[in-house]
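>>> Here is my input; please provide its structure:
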Amino acid sequence: MTFTDKDKKTLQVGVFIALLIGAGIAYYYVTVMKPKIKTDSNRAEELRKEIKTLKEDYRTMLALKDQEHMIRAMEKAVLDAASRLPSRPDAPGFLNELIEILRITGVKNQTITPQAYGEHTLYTAIPYDIECSSRYHEFGQYLNLVEQNPNRFMRVNSFHVSNNDKRPSIHPVSLRISTFMFNPQ
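Numbers count the residues shown, from 1 in each chain. Predicted structure coming up:
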């Protein structure tokens, strides 16, 4: 197959146009498409990282949702403790609780003497020395009701049980009970 001058000229023009089109495509790719591809790749990587972070946050939220009942129980315990721990000395509240315990147990109280406060970081201990008389069983109930009081934090610090020769079944008892007050920050 031989080419005529016209065919050669047409072929040259066609190759030239093809080279121009190829150069235009290469130029377009280098100047427009390559930076766009790089930008899109960077953005895709950022989105992948964001998706990963969001998935971790979602898993954390699901774990917290699963622990919601535990959080509610803790919140209830804190509110219960707060109601049992006044933020000021409340001698009438303590004495009312003590009178109720004495009524329930039948322990006979003789004296209640307030003592010096014990300051701590978050709370203040408010001790009372108490003199009373009781049978052993009643005294055991008394100690239990003081320690397990649902309305107020109270602790038996110490106690001493003596013997009464005139009434052997009734024992003189001296004890120190502390109640507590919350120290607001």
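>>> Against which helices or strands is the lengthiest helix in the chain packed?
Longest helix in the chain by number of residues, with DSSP state H as the criterion: helix 34-66. Taking 3 or more Cβ pairs under 8 Å, 6 or more residues apart in numbering; DSSP states H and E as contact, there are no helices or strands that helix 34-66 lies on. To be clear about C-beta, it is placed using only N, CA and C from the backbone, and glycine gets the same treatment.
>>> and residue 125, that one's in a strand?
Yes: looking at residue 125 with DSSP: H, G, I helix; E, B strand; the rest coil, it is inside a strand.
>>> Name the nearest residue to it, sequence neighbours excluded.
residue 118 (3.7 Å; Cβ to Cβ, 6 or more residues apart in numbering).
>>> In which helix or strand does residue 28 reside?
helix 5-28 (DSSP states H and E).
>>> what about residue 62, distance to residue 56?
From residue 62 over to residue 56 the distance is 11 Å, taken as Cβ to Cβ, to the nearest Å.
>>> got it, and residue 2?
Distance of residue 2 to residue 56, computed by Cβ to Cβ: 73 Å.
>>> quick one: which of these two has more around it?
Taking other Cβ atoms under 10 Å, residue 2 and residue 56 do not tie; residue 56 has more neighbours (10 against 5).
>>> now the angle between helix 34-66 and the helix holding residue 28, please.
40 degrees (axes from the mean of the first three to the mean of the last three Cα atoms, to 10 degrees).
>>> buried sites along helix 5-28?
Residues of helix 5-28 classed as buried: none (neighbour count, 16 or more other Cβ atoms under 10 Å).
>>> Fine by me, thanks again.
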